[in-house]
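S.K.: coords below, sequence missing:
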């Protein structure tokens, strides 16, 4: 999937449904071709980042998956909280 650019974003308001968030994350990461260990690691990290921001009083968070230039960037941003981000190389198609 390294040769395809895309953006997938969602706004989460209120308390995040961790099961739904995990399923969405898994689907996106599988779509870009990441393997099961990377999917499990990133899904856990993303869920933790959203949960931490919710615990800090954030009522709304934005989650973005951006594939560009052979890289996948995942960003969690919530008003009043530090932005969480990670980047992984995309597998060659």
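M.R.: Alright, I've got the coordinates. Just so we're clear, the structure is a prediction, and the values are computed from it rather than from any experiment.
S.K.: Give me the nearest residue to residue 91, chain neighbours excluded.
M.R.: Nearest non-adjacent residue to residue 91, counting by Cβ to Cβ, 6 or more residues apart in numbering: residue 33, 4.3 Å away. For the C-beta atoms, the positions are set from N, CA and C on the backbone; glycine is no exception.
S.K.: so the one you found sits in a strand?
M.R.: No: assessed with DSSP: H, G, I helix; E, B strand; the rest coil, residue 33 is coil; it does not lie in a strand.
S.K.: I figured it was touching residue 88, is that so?
M.R.: No: counting by Cβ atoms under 8 Å, residue 88 is not a contact partner of residue 33; they are 10.8 Å apart.
S.K.: what residues does the lowest-mean-pLDDT helix or strand in the chain touch?
M.R.: Ranked by mean pLDDT, DSSP states H and E, the helix or strand of the chain with the weakest confidence is helix 36-55, at a mean of 86. If you take Cβ atoms under 8 Å, 6 or more residues apart in numbering as the criterion, helix 36-55 is touched by 12, 15-16, 18, 21-22, 25-26, 29-30, 34, 61, 63, 74, 76, 78, 81, 84, 86, 88.
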